[in-house]
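# Dropping a prediction and its sequence here:
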Amino acid sequence: MSVRIGVYLCHCGANIAGKVDIDAVADFARGLENVTLVKDYKFMCSDPGQALIQKDLENKLVDRVVVASCSPLMHENTFRKTVERGGLNPYLFTMTNIREQCSWVHIDSDRTTEKAKDLVAASVRRAFLLEPLTKKEVPINPRTLVIGGGIAGIQAALDLAEAGKEVVLVEKEPSIGGHMAKFDKTFPTLDCSACILTPRMVSVGQHSNIELMSYAEVEDVGGYVGNFNIRVRKKARYVDSELCNGCGACWSKCPSSRVPRKGNVHEKLSLGPTTSIYMPFMQAVPAIPVIDRDTCLYFKNDSGACGICAKECERGAIKYDMTDEIVEFEVGNIIIAAGFKTFDPAKVKRYGYGRFDNVMTALEFEVMNCASGSTGGNILMADGSEPKSIGIVHCVGSRDSHYNEHCSRVCCMYSLKYAHLIKEKTDAEVYQFYIDMRCFGKGYEEFYDRLLSEDVRFVRGKVAEISKVPVTETEEGKLVVSVEDTLLGTVRRIPLDMVVLSTGLEGSETLPEIAKLCSVSVGKDGFLIEKHPKLGPVSTATDGVFVVGGCQSPKDIPDTVAQASAASSAVLSMITREKIEIEAATSEVDEDKCSGCKLCNTLCPYQAVKFDEEKEVSVVNEALCKGCGTCVAGCPSGAISAKHYEDRQIFAEIEGIFSGGL
Amino acid sequence: MKLKAGIYWGAGCGGCDVAVLDVHEKILLVAEKMDLLFWPIALDFKYDDVRAMDDGEFDIVLYNGAVRNSENEEIAHLLRQKSKVMVALGACAHLGGLIGMANFHTKEDLLKRVYVDSESTVNEEGTLPQEYWEEAGIPLELPRLYGTVKTLDQVVDVDYYIPGCPPVPEQIVNALVAVWDGNLPPKGSVIGAGSRTLCDECSRTKEEKEITEFKRTSEVITDPEKCLLEQGLLCLGPVTREGCGSRCINSNVPCRGCYGPLEGVPDQGIRMLSALASVLEPKEEEAIDELISQIPDPLRTLHRFSVAASILRRKKI
Amino acid sequence: MSFEPKIVGFLCNWCSYTGADLAGTARIKYSPNIRSIRVMCSGRIEPTFIMKALYEGADGVLIAGCHPGDCHYQEGNYKALRRYRMLKKVLPDYGIDPGRIRLEWVAASEGEKFANVVDDFTEEIRNLGPLGIKEGLDEMMKDDVIPHHASGGEKGGDDNEA
């Protein structure tokens, strides 16, 4: 079969023609094998220029097209469409860059012309071997999976549900609400956290478009954009959610406890009932208790002694024989809102967390402040008395090359909030130990100003140590904070009753696992990597997977909500399209050649190259493949090929470069 | 009518001829179906007998060994002229074979090494073999040793290839029978071997790979159930055509690549290099170099049988 | 006439090819010795391509990809790096100076860097001189012919030995 290649040379005004001798290149091209037609034109991308190509195709003069003009990054799509209009498969066209990487960058006209010839020869050889490809479209399932039921997941789920789209919200804890449900007040407005969150939680629980799977974890994600197959494990609650009405009779009589009975005030901190059958907090959604197997007497005694909750439950909702349930379903898009965890300050031994009473984490302090918590919102020392002085240590585990280099973005503000709450609730003196105050959000700087006038001591310096070794009488029985006050230029020892460590934010424990399931990468900071730090802040390298909230980077509630809504609108945009075109230039496996050596299976960043255990060969999921070709270069048997970038096509290009006798 | 067949050895070790003999009782089948008109290692024929034949008179010629000297080349041309089907038999004719590793050296260095420097040689005058010598008016000649080892198809047109060092005897018989039956695949095909790489027939379990260390066979007691590459041994199975019956692998020895690559893979060694490098664990330059340095003589290991057939063919001097 | 090296560049689409385009948009001038081939990712670049380019006549081969951590396909550039290190290690066995291949990370914003890399590499290859694999092969094999000696017949000297 003879191939007729048409070469179209663009002058681009004087941009190319001013440096490259177009006539010489045209003459050269006419002499190349399989070239049956060479034309040049002032602006090939203009309408008449495109019409030139289209017409030749319509008249069946050529069946391969080489356009030598600007960069393919500029006009490849333009000419693909031209070629398509002319009735030729757009992949039978290739482009030669004789402007950006030729006429614009070289000085000597003759040598630039020579280069243009070589590049045209390379493209002609490549064009000879091009194969038609078919663009594929896949439908988009309108249902969305949201992983994580904190404020990020709640917002995203509600946005989508309100738009009439189905959502499955999977939360690993017994209740949605996340960290925000543990807060008493939110900065800088000092809104009651529960007052703004609870209604949204209830909406999620009641919305007909949201299927809530709490106390559940995503175990497997298969498929690709528009068509993900999800497997979720719903952990056994031992309480039948159909029967339970959340009356609380079960926990009111439960004889065992999840928190140490003999512990001090701080050790007993809790938002909900401290019993083994419990709700994490009273506004929980769903309002269904769970049994903590580790402490429940029924499960601890093989004989099945106890069983009090079952007796107390009038509706017979307690089911000790309940087992984990596996559910499988399909979705079109996934929003990861897996949240964050706070830094474990026990790693910073010199701060004494875990060794000294009254050194507590920010999150513990939050719970203590919560009106519905075990202290009724009172700020108390471990022994139950009221503190006279409290220090707040900033940047614990943040901005520290030993732990996390990143700034956790919320600690300055919540530390200010604590200072305010302490001042409101107690007579204690408050010290802030900070590196810099980062109060960048709307109303944040104003809140800082307000605190400056609330008799709070600000000490600029990183705390060196918290000790209990008194040097003076006033230090007796106190926690002593040693810090260099960089404004005073002196080292200070400040005796305090209580110290709150403003622990930074890290990606949650389950994040790496979720990331792997969804083919999203975790950065070296421990957070998920978005598609582009500026222009793709909620999408990821995997189509159909979006990231929001604290799992993407530390962020406060306003930013989280904004990002959640951004992700839900991105998902809506996908759903509205109904179909999505997928890359045509993908990799493919010749199953007759694949020996199943499994060298390629780890190479794909999108897990598109999977091993088919039945056929004992690797297979490429074309919907997942983005056509990078890494697996092709990694395949020792030549069984994998890269469509549109086949070995033989690239070899031909190389030969072409040298065919002109440079 | 019986087929007329010939077998020739070029620059080879004789292993391929032995492989022909190793067909055991099937030699009777061969004898029944064909007349061997030429087989220098086993039967007394003269080149002139061949020259006297008509062009294309051989139905099949199996040429084993690489083209290493002028005699090899001359006879290759002669046999090509006299045969209908020319088969490159064995790794040397197919890919240059072990002998091809001479391409990493110059002819001069090799002669010096063998005839002067080798530990068991006393040659104070440094006498080297001469192509031509006259003694008492009698001319003495040796074929010219070539500087570059060539595969058979770099010298003459080859119809089929039977790979292996040595080829599996059964496969040789199968190839002969295929000619007998007229049941031949497209010209240029590899016959008497599989269409996938060795991992396909290898019975060891294979997992996804991430290489953290390389070992030599002497440094490790291998797990007979597990992929050798995953045990740190540089096994060329993934880049080598199957059909040998996994002889080495079944003896806990990594594949050395004698069956050559599949079609479409122009350079066995460099292709394996690419595949291997892809699954190395380190990401930092120093750590990568450290890991690579654990491979003894990487290029000769990767190109043990195929350097003469590789893209660059030889070391540039 | 001074020796003008022939250099083949393999550029990844997203960073290095874009960076090279940027050099053009900014009209930064550099040596015209390079001929680039666009691939989607540096992870697609097979060492075989490099061997092929050297065989066909390249005096040097430039591989350019996204900076580590910036790969459009996440980690393709690390695979490119590992293949490159390994190829560099074996090139001397082929009698080729490993300096004839070079891997550079060129971001989409680094037009100037691309130009500098090409200029620098061109000079380096100029200093190394022509590689000439094909010519070298011909030269090395020119004596690999059937000799005709004084006494020998046309067929050489082994007429009666087999």
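Yep, it's here.
# Surely A:G373 is in a strand?
No - according to DSSP: H, G, I helix; E, B strand; the rest coil, A:G373 belongs to no strand; its state is coil.
# Can you give me the domain assignment for the chain?
No chain specified, so I'll use chain A. Domain ranges of chain A: A:5-133, A:136-235+A:324-339+A:508-580, A:236-323, A:343-506, A:583-643, per automatic domain parsing.
# try again with chain B
B:3-99+B:146-181, B:107-144, B:198-302.
# among those domains, which is nearest chain C?
Evaluated with CB to the nearest CB, the domains of chain B place domain B:107-144 nearest to chain C, the distance being 3.1 Å. In short, each C-beta sits where N, CA and C put it, glycine included.
# is the closest one up against chain C anywhere?
Yes - residues of domain B:107-144 contacting chain C under CB under 8 Å from any CB of the partner chain: B:131-132, B:134, B:139, B:141-144.
# Of those, which count as buried by neighbour count?
Among the residues of domain B:107-144 next to chain C, those buried by neighbour count (16 or more other CB atoms under 10 Å in any protein chain shown) are B:131, B:141-144.
# buried residues in stretch B:22-41?
When burial is assessed from 16+ other CB under 10 Å, stretch B:22-41 yields the following buried residues: B:22-23, B:26, B:30, B:33-34, B:36-41.
# Confirm for me that A:V35 is in contact with A:V124.
Yes - here A:V35 reaches A:V124: they are 5.9 Å apart, a contact under CB atoms under 8 Å.
# Overlap in contacts, the two.
Jointly contacting A:V35 and A:V124 under the rule CB atoms under 8 Å, 6 or more residues apart in numbering or on different chains are A:5, A:7, A:29.
# Same list, the residues you listed, but as a markdown table with pLDDT and secondary structure please.
Formatted as a markdown table, these follow (pLDDT from 0 to 100; DSSP: H, G, I helix; E, B strand; the rest coil):
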| residue | pLDDT | secondary structure |
| --- | --- | --- |
| A:I5 | 97 | strand |
| A:V7 | 98 | strand |
| A:A29 | 97 | helix |
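# now, which of those residues sits nearest chain C?
Using CB to the nearest CB, the shared contacts of A:V35 and A:V124 come closest to chain C at A:A29, 15.9 Å.
# Phi and psi next, for residue 70.
Going with chain A. Main-chain dihedrals, A:C70, degrees, to the nearest 10: phi -90, psi -160.
# not quite, I wanted chain C
With angles defined as degrees, to the nearest 10, C:D70 sits at phi -110, psi 0.
# you'd agree it is up against C:A107?
Yes - using CB under 8 Å, C:D70 is in contact with C:A107, at 6.6 Å.
# Sketch out the low-pLDDT regions of the chain for me.
Just going to use chain A. When residues are selected by pLDDT under 70, those of chain A lie in A:1, A:303-304, A:661-662.
# meant chain C, my bad for not saying
In chain C, residues with pLDDT under 70: C:1, C:149-162.
# neighbours of residue 115, just the number please.
As the question left the chain open, I've gone with chain A. Residues within reach of A:K115, counting by other CB atoms under 10 Å in any protein chain shown, total 27.
# meant chain C actually
C:A115: 22 neighbours (other CB under 10 Å).
# and it, that's in a helix?
Yes - assessed by three-state DSSP, C:A115 belongs to a helix.
# got the contact list for the spatially closest residue to it that is not a sequence neighbour?
The shortest distance from C:A115 to any non-neighbouring residue, by CB to CB, 6 or more residues apart in numbering or on different chains, is to C:Y30 (4.0 Å). Residues counted as contacts of C:Y30 (CB under 8 Å, 6+ apart) are A:105-106, C:23, C:114-116, C:118-119, C:122.
# Make JSON lines out of these and add distance to B:L276.
Output for the contacts of C:Y30, formatted as JSON lines (distance: CB to CB, whole Å):
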{"residue": "A:V105", "distance to B:L276": "37"}
{"residue": "A:H106", "distance to B:L276": "39"}
{"residue": "C:A23", "distance to B:L276": "35"}
{"residue": "C:F114", "distance to B:L276": "30"}
{"residue": "C:A115", "distance to B:L276": "34"}
{"residue": "C:N116", "distance to B:L276": "33"}
{"residue": "C:V118", "distance to B:L276": "30"}
{"residue": "C:D119", "distance to B:L276": "34"}
{"residue": "C:T122", "distance to B:L276": "31"}
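# which pair in those spans the largest distance?
By the measure CB to CB, these have their two most distant members at A:H106 and C:N116, which lie 15.0 Å apart.
# Between these two, which is the more surrounded one?
A:H106 (23 against 16).
# Pretty sure the more buried one sits against C:P32.
Yes - taking contacts as CB under 8 Å, A:H106 lies within contact range of C:P32: 4.0 Å.
# Could you name every residue contacting both of the two?
Joint contacts of A:H106 and C:P32 (CB under 8 Å, 6+ apart) are A:112, A:115.
# Over to the residue nearest the centre of chain C. Which of the three states is it?
Closest to where the C-alpha atoms of chain C average out (CA atoms, centre = their mean) is C:V61, at 2.5 Å. Secondary structure, three-state DSSP: C:V61 is strand.
# Contact partners for it?
C:7-10, C:50, C:53-54, C:100-102.
# Also A:S595?
Residues in contact with A:S595 (CB under 8 Å, 6+ apart) are A:617, A:637, A:639, B:196-200, B:238, B:242.
# For burial, what's the neighbour tally of C:E139?
So C:E139, with other CB under 10 Å, has 13 neighbours.
# what about the helix or strand harbouring it, distance to the chain center?
According to DSSP states H and E, C:E139 maps onto helix C:133-140. Distance of helix C:133-140 from the chain centroid (CA atoms, centre = their mean, to the nearest Å) equals 17 Å.
# Sounds good, over and out.
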